[in-house]
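Engineer: Structure, please.
(chains A and B)
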Amino acid sequence: MCQPDIELLRRHTASHIMSAAVGMLFPDVKRGVGPWTETGFYQDFDFGEAEVSDKDFKKIEKKMRWIVNKDFKVQKRMLSGEEARAAFPNDEYKLELIDEILDRGEELSFYDFVGEEGRVFYTDLCAGPHLESTGQVGVFKITKLAGAYWRGDENKAQLTRLYGIAFADAEGLEAYQTMLEEAAKRDHRKLGKELDLFTFSELVGPGLPLFTPKGELLRSTVGDYLKQLKESKGYQHVWIPHITKKDLYETSGHWDKYKDDLFHVKGKSDAEFVMKPMNCPHHTQIFASKMRSYRDLPLRLAETTTCYRDEQQGELLGLSRVRSLTVDDTHIFCRIDQIQEEAEGVIDIIRQFYTSLNMWEGDNFWVSLSVRDPEKPEKYLGDPANWDKAESFLESVAKNNDLPYKRIEGEAAFYGPKLDFQFKDAIGREWQLATLQIDFVMPERFKLEYINEEGQKERPVMLHIAIAGSLERFLSVIIEHYAGAFPAWLAPVQAHVLPVNSAHEAHCEKLIETLKEAGARVEYYDSSDSLGKRIRNCQKARVPFAIVVGDKEVESGNLTVRKYGEEKDQVMTVDEFKAALGRG
RNA sequence: GCCACCUUAGCUCAGGGGUAGAGCACACCCAUGGUAAGGGUGGGGUCCCGAGUUCAAUUCUCGGAGGUGGCUCCA
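Structural biologist: As a prediction, this is how the structure comes out:
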């Protein structure tokens, strides 16, 4: 194993220092795990009866500083199982870890903080590695406190997790904090308010966003683009109602697994209805509505439509995780030997879509090739031979297209493997947007059939595809990606027209009419504010173009255009301006 | 759902057991302004909701709702 870099060691040792400091203040504390992370470190604690909140951070940090100043040597020591158990007689978490390590046939290593005359100040079970002494840790800070289940299992005890960060010097800490502040400025929830894109109402309910006129323009611009892309590849659009009898999901197999996560609807009859949480079962009924021939395949049914899921409230987050989500869904019904070609076509659309948004860049996303967990075959429905085929189809598609993919075992859906496209938000959290899933189970459940060349009935395969994923989540990611400054083709308002004074009003009106006829989204900004203030407000609202109309423009017929973020004007003809609004 | 924190004007926030504050936004008036805040006046509040303690609660306590950071979940 290669040696982790110094920053990881710093974080890891800082985590032990925090752990030791907490022990000085809370002698009865028990400890879970305490690793480094991509940006910092954490340590899980069981505080027993003691109450701990972020008000305790200062006290803990003070003790940490004391430990750093003492410059304890950090020394590794191997213990036998017996010795290790004796060292932590009352700590059920430590004992569980010790037994587990021994079961794996590995050795038990401990790291000590050693002071003067070899006195051991603190010791913990740990695989290492660490810095040589606590004095090398540098600058640190406890950042947040959260509940975290022991071993990530919600049926087990909930521990208290303290998160921290550590840097070589104060400049490192400062740079990190500046980075967070910059990210906070791009937060889609903040920009959604500032740019007047969407809102929430306590009366409507959590996780149910309301889109304003500008937000809906943004949404429908994305939706129209997707529709156009799909139709150019032979996808046909359909429409389904938003509620269904529960019988549909009993047949699909989703009822048992998800019935508690659905919104239930009661009508006059005894039949139980639910808000649809997905579209695939409905779409199977369109496939099944008439006799299908192999000549009809692949049949590609697309629809951008809203689904409703009763997500746990603690999970909701702005537009990233909502209860009403609009999926740009496609279901392709095809033969097994058509999967690969169809999948290639899907990747084409995904690539084209994200490339035109400048998001198709290696460090901005990665692809999860989500396959079965080989240890838990019982979790997956369908013929293992088909699974093998599907997984290898997806892998070869990922390879052929040079996708930055990782094979992740255990992440497959219960009905089939998938390619999930994960994109980052402003603070590096990853969100699944595009997805391509293979499904052998649903055609079986709904007994879907087509007639093959020999006149025999055969079962199709189903592909589930989403390009943007949920439009709500997609918008959250692109709002942060562009920090609200959308390219002109996407911007809800593409230009403001500013008369220098009220004498230029009539000319502005004519200009706006001409531009609107060409499909441009332009608004008039009257002269009740000073010109300087209007320019400033256009920049604040991230409007791509501000067009200033004064005597010069009235006379020449040209446009004086101030582009968003630029400090100089550009003079152009009306036709040149129209061209600047396109997708380019 | 679980753990911690937060909730004062449309927005961003200050304040504090005894008549509620600012800036921006909004309305009206003046100014007709050539490129990142022109000037004046004014309206705006169930201090998230409910209960308790108190002579008195926006402020303290408890409960609830909503939000934030995590955990769990994610068809």
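
Engineer: can we go C-alpha only for contacts and neighbour counts from here?
Structural biologist: OK.

Engineer: Report the buried residues of stretch A:431-446.
Structural biologist: Neighbour-count burial for stretch A:431-446 flags A:431-443, A:446 (criterion: 16 or more other CA atoms under 10 Å).

Engineer: Same question for stretch A:335-353.
Structural biologist: Under the neighbour-count criterion of 16+ other CA under 10 Å, stretch A:335-353 has A:335-336, A:339-340, A:342-344, A:346-347, A:349-351, A:353 buried.

Engineer: What of stretch A:291-299?
Structural biologist: By 16+ other CA under 10 Å, the buried positions in stretch A:291-299 come out as A:R292, A:S293, A:Y294, A:P298, A:L299.

Engineer: now the last one, nearest residue through space, not along the chain?
Structural biologist: Nearest in space to A:L299, with sequence neighbours left out and distances taken as CA to CA, 6 or more residues apart in numbering, is A:F333 at 5.1 Å.

Engineer: The one you found belongs to a helix?
Structural biologist: No. Checked against DSSP: H, G, I helix; E, B strand; the rest coil, A:F333 lies outside a helix; its state is strand.

Engineer: can you tell me which of the buried residues of stretch A:291-299 are in strands?
Structural biologist: The members of these that map onto strands under DSSP state E are A:L299.

Engineer: between the buried residues of stretch A:291-299, which is nearest A:L226?
Structural biologist: Among these, A:L299 lies closest to A:L226 (CA to CA), at 18.0 Å.

Engineer: dump the residue contacts of that closest one.
Structural biologist: Applying CA atoms under 8 Å, 6 or more residues apart in numbering to A:L299 gives the contacts A:Y235, A:I332, A:F333, A:C334.

Engineer: wait, the first one sits on A:L301?
Structural biologist: Yes. A:Y235 is in contact with A:L301 according to CA atoms under 8 Å; the separation is 6.0 Å.

Engineer: Settle it for me: which of those two has more neighbours?
Structural biologist: Counting neighbours by other CA atoms under 10 Å for A:Y235 and for A:L301 shows that A:L301 has the greater number, 23 against 20.

Engineer: thought that one was touching A:W239?
Structural biologist: No. If you go by CA under 8 Å, A:L301 and A:W239 don't touch, sitting 9.5 Å apart.

Engineer: Within the helices and strands, which one has A:K578?
Structural biologist: Using DSSP states H and E, A:K578 sits in helix A:574-580.

Engineer: Is that helix positioned near RNA strand B?
Structural biologist: No. Helix A:574-580 is not in contact with RNA strand B by CA under 7 Å from any atom of the strand; minimum separation 14.6 Å.

Engineer: What's the mean pLDDT across that helix?
Structural biologist: Average pLDDT, helix A:574-580: 96.

Engineer: Pull the contacting residues for whatever residue of chain A ends up closest to RNA strand B.
Structural biologist: RNA strand B sits closest to A:N501 of chain A, with a gap of 2.4 Å, by CA to the nearest atom of the strand. Contact analysis of A:N501 by CA under 8 Å, 6+ apart lists A:S527, A:G550.

Engineer: Same check on the one 4 residues further on?
Structural biologist: The contact partners of A:E505, taken as CA under 8 Å, 6+ apart, are A:P499, A:D526.

Engineer: now do A:P487
Structural biologist: A:P487 neighbours (CA under 8 Å, 6+ apart): A:P544.

Engineer: No further queries at this time; thank you.
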